[in-house]
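Peer 1: I need the structure of the sequence given here:
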Amino acid sequence: MMVRAGWLSTGKTVIYPIRNAIDDEGRQLVNWVAEIVTPAYQQRDWNRPGRLSDFLPAFADWHFDWLDVPALIRQAETAFENPMIDRDPVPTWQDGPVALLGDAAHAMYPTGSNGGSQAIVDARVLGAAMVEHGVTREALAAYDARLCGPVSQL
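Peer 2: Numbering: from 1, shown residues only. Down below sits the predicted model:
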């Protein structure tokens, strides 16, 4: 079962199990995401340990008959801050024999399968370029010319 509750402007959480029966007590390994809007964000670091005091107050009263959200958050061994920040577009997605696609190429929020959906669109355009040019740098350049400039102007 997956739970999605709340709204970004007041606090949103997504909670889902990863693995069943991780110990002799039959507990589950659970992943949770707590999203809030905050003007206090300072760094662009996707691996910085989070501080409960930065976001737990938004969920302090989230007690349901079937789930105590603050208790779940407090029991976590580790929490990481994953800022959703604006990034300026890059001038090209190609660097020699390598090209970006999906959320690596597009500045977008990493929620709602946005990056995965965009990767499918990008792969289709890249695949068409490879049909036309073969598996070459020219195919990567054609893919880059077809999407990078126009997407960056949006």
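Peer 1: CA only for contacts and neighbour counts going forward, please
Peer 2: Fine.
Peer 1: what's near enough to touch Ala58?
Peer 2: Contact analysis of Ala58 by Cα atoms under 8 Å, 6 or more residues apart in numbering lists 10-11, 36.
Peer 1: Looking at these, which is nearest Pro91?
Peer 2: Closest to Pro91 out of these is Ile36 (30.8 Å), distances taken as Cα to Cα.
Peer 1: My read is that the closest one contacts Asp54, right?
Peer 2: No. Applying Cα atoms under 8 Å as the test, Ile36 and Asp54 come out as separate, 9.4 Å apart.
Peer 1: rewinding a little: let's see if you can find the most crowded of the contacts of Ala58.
Peer 2: Going through the contacts of Ala58 with other Cα atoms under 10 Å as the criterion, the one with the most neighbours is Ile36, at 20 neighbours.
Peer 1: what's the closest non-adjacent residue to that one?
Peer 2: Excluding the flanking residues, the one nearest Ile36 by Cα to Cα, 6 or more residues apart in numbering is Gly11, at 4.8 Å.
Peer 1: Check Trp32 too.
Peer 2: Ile15 (4.3 Å).
Peer 1: So the one you found sits against Gly6, correct?
Peer 2: No. The pair formed by Ile15 and Gly6 falls short of the contact definition of Cα under 8 Å, at 11.7 Å.
Peer 1: Leu52: how many residues sit nearby?
Peer 2: Neighbours of Leu52 under the rule other Cα under 10 Å: 16.
Peer 1: got it, and the one 5 residues further on?
Peer 2: When neighbours are counted by other Cα under 10 Å, Pro57 registers 12.
Peer 1: now for the host helix or strand of the residue nearest to Trp32, which elements pack on it?
Peer 2: For Ile15, the enclosing helix or strand under DSSP states H and E is strand 11-19. If contacts are counted by 3 or more Cα pairs under 8 Å, 6 or more residues apart in numbering; DSSP states H and E, strand 11-19 sits against strand 3-7, strand 29-35.
Peer 1: What lies in contact with the last one?
Peer 2: Spelled out, that is strand 29-35. Outside of strand 29-35, the residues within contact range by Cα under 8 Å, 6+ apart are 8, 11-22, 55, 73.
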